[in-house]
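In: Below: sequence and its predicted model.
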Amino acid sequence: MFVFSAEPLKQGSSSAREKAVAVPAGSVLPQLPGYRRPVVSVDDTAELPATECWYALVVKPRHEKVTDQILSNKGFETFLPLYLRRHRYGQRRRDFLLPLFPGYVFCRFQQRFWLPIVTTPSVIQVAGAGRTPLPVDDREVESLRIAAASPCELSPHPYLSAGCKVRIGEGPLAGVEGAIIRQKSSLRLILSITMMQRSVAVEVDSTHVGVIDEFDHALATASNW
């Protein structure tokens with residue numbers, strides 16, 4: 001059995017929105033000033049998805065790395081894509097590893113077991129539509145993981161929702177799918193996370209690029225359902 005608790009309400013406010021988090025049955029809920037008692041009860045946990053999916057966690061600013069480490073220590077599979085950014089200070093230069101998606105950490109879990117995640121102090125919420133967490137496309141995360149593990153340099157890029165869809169056939173990015181654009185004399189592969197409306201770019205060799213047949217792609221996607 002799961003119950004859902006509400007986030008703090010301001011004193012005298014009756015229109016404040018509530019935020020649901022799962023709490024195991026039998027747990028003692030904190031009776032703190034400004035908190036209301038649980039308002040929703042779910043008796044059948046089967047109503048929540050039983051499959052593991054990737055989700056995007058919204059975290060506090062500059063807490064991406066510590067959140068990734070905490071959740072990893074709790075036994076969850078996490079993914080925090082980073083990129084190298086160089087800063088020059090006069091004659092000196094410093095390199096920083098920064099999150100490609102500031103304010104987000106990817107985590108794979110079953111939605112019914114999200115309590116240890118949403119109770120992590122640096123986690124604000126699970127990204128989704130309103131109160132409903134939405135999973136991130138597995139193929140988009142896998143393409144991003146391959147790219148992040150490769151020696152190729154990734155960089156943030158404005159979100160790209162359209163473009164010629166391609167798949168990299170060989171090299172360190174083999175199997176990665178995305179949209180292709182030309183910048184000056186080079187080709188860049190744009191990897192997008194549709195649910196987050198965010199993109200990153202990586203330079204690719206034109207000889208490694210193959211256009212995806214939309215029919216074959218749709219058929220392969222349908223076979224995975």
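Out: That came through fine.

In: Quick check: the spatially closest residue to residue 160 that is not a sequence neighbour vs residue 168, distance?
Out: Spatially, and ignoring its direct neighbours in sequence, residue 160 is nearest to residue 190 (4.6 Å; C-beta to C-beta, 6 or more residues apart in numbering). C-betas here are computed from N, CA, C, even on glycine. Counting by C-beta to C-beta, to the nearest Å, the gap from residue 190 to residue 168 is 12 Å.

In: ok so, going back, phi first, then psi, for the residue nearest to residue 160.
Out: phi -100, psi 120 (degrees, to the nearest 10).

In: More neighbours: residue 190 and residue 168, which one.
Out: Per other C-beta atoms under 10 Å, whichever of residue 190 and residue 168 has more neighbours is residue 168, with 24 against 19.

In: partner residues bridging the more buried one?
Out: Listed by DSSP bridges, the beta-bridge partners for residue 168 are residue 209.

In: Secondary structure element for the closest residue in space to residue 163 that isn't next to it in sequence, which one?
Out: Excluding the flanking residues, the one nearest residue 163 by C-beta to C-beta, 6+ apart is residue 179, at 3.1 Å. For residue 179, the host element (DSSP states H and E) is strand 177-183.

In: from the chain's centre, how far out does that strand sit?
Out: Relative to the chain's own centre, strand 177-183 is displaced by 21 Å; criterion: C-alpha atoms, centre = their mean, to the nearest Å.

In: next one: stretch 83-101
Out: 23 Å.

In: Pull out the buried residues from it.
Out: Residues of stretch 83-101 classed as buried by neighbour count (16 or more other C-beta atoms under 10 Å): 83, 99, 100, 101.

In: hang on, the earlier thing: in contact with the residue nearest to residue 163, which residues?
Out: 160, 162, 163, 164, 165, 166, 189, 190, 192 (C-beta atoms under 8 Å, 6 or more residues apart in numbering).

In: residues touching the residue most central in space within the chain, list them.
Out: Centrality entry for the chain: nearest residue to the mean C-alpha point is residue 56, 2.8 Å, by C-alpha atoms, centre = their mean. The neighbourhood of residue 56, defined by C-beta under 8 Å, 6+ apart, consists of 101, 104, 105, 106, 126, 127, 136, 193, 195, 196.
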